[in-house]
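Engineer: What would the 3D arrangement of this be:
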Amino acid sequence: MINLKILGIPQSKQSARFRIAGKGKKAFVQSYQKKSVKDNERNIAFDVKSQLPLGFEPFSKPVGVKVLFVFPPLASWSKKKLALLESGETIYKETKPDLTDNLMKGLFDAMNGVVFTDDSRICEVESKKIFGKVPRTEVTLFNLNK
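Structural biologist: The predicted model follows:
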């Protein structure tokens with residue numbers, strides 16, 4: 001079992017952008033990722049690598065993943081709601097970004113080749129997104145083959 005903590009506000013992965021390159025009959029559609037998306041994935045991969053034990057071999061068999069995305073409280077929150085958070089109450093984030101499509105995709109793409117040989121190895125997922133005092137992403141990975 002491996003536990004990882006990635007500090008910072010969780011970022012969603014945006015879809016690829018498209019543009020028309022070239023002119024006339026040589027025009028073609030080109031896809032690209034924004035620099036901020038690439039930088040976020042690179043930062044996650046670096047943070048994850050620094051937490052892995054020496055000699056770690058990426059998972060090459062079925063792996064299970066538990067992920068907790070923690071977002072900072074909103075500036076518009078009342079003192080009462082902030083007090084609930086301070087007291088340890090769980091307040092779920094039910095607004096964007098959506099959990100499975102955008103948050104998980106960026107995280108798993110960043111860990112691809114670092115923690116597992118390919119993200120297709122992920123066979124079991126448990127995740128949630130909440131508000132908390134310290135924005136972060138907590139990841140627990142475990143081997144499904146005993």
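Engineer: hey, where'd the strands end up in this structure?
Structural biologist: Secondary structure of the chain by DSSP state E: the strands cover 2-7, 17-21, 28-32, 63-71, 91-92, 122-131, 136-143.
Engineer: Mean neighbour count, these: which tops it?
Structural biologist: Across the strands of the chain, averaging neighbours per residue (mean count of other C-beta atoms under 10 Å) puts strand 63-71 on top, at a mean of 20. Glycine gets a C-beta too; all of them are placed from N, C-alpha and C.
Engineer: for the protein, longest helix please?
Structural biologist: If you go by DSSP state H, the chain has its longest helix at helix 35-51.
Engineer: Pipe the strands of the chain into TSV and attach distance to Leu99 and mean pLDDT per row.
Structural biologist: Shown next, in TSV, are those (distance: least, C-beta to C-beta, whole Å; pLDDT from 0 to 100):
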stretch	distance to Leu99	mean pLDDT
strand 2-7	16	94
strand 17-21	23	75
strand 28-32	25	74
strand 63-71	7	95
strand 91-92	11	94
strand 122-131	6	94
strand 136-143	12	94
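Engineer: Provide the count of other residues in contact range of Met1.
Structural biologist: Counted with other C-beta atoms under 10 Å, residues neighbouring Met1 total 8.
Engineer: any idea how far the residue lying closest to it once chain neighbours are set aside lies from Pro58?
Structural biologist: Counting by C-beta to C-beta, 6 or more residues apart in numbering, the nearest residue to Met1 once its immediate chain neighbours are dropped is Phe142, at 4.6 Å. Phe142 is 14 Å from Pro58, where distance means C-beta to C-beta, to the nearest Å.
Engineer: Can you list the helices and strands that the longest helix of the chain packs against?
Structural biologist: strand 2-7, helix 104-111 (3 or more C-beta pairs under 8 Å, 6 or more residues apart in numbering; DSSP states H and E).
Engineer: quick one: the longest one to chain centroid distance?
Structural biologist: The reference is to helix 104-111. Centre-to-centre, helix 104-111 and its host chain are 5 Å apart (C-alpha atoms, centre = their mean, to the nearest Å).
Engineer: likewise the first one?
Structural biologist: Here strand 2-7 shows a centroid-to-chain-centroid distance of 11 Å under the convention C-alpha atoms, centre = their mean.
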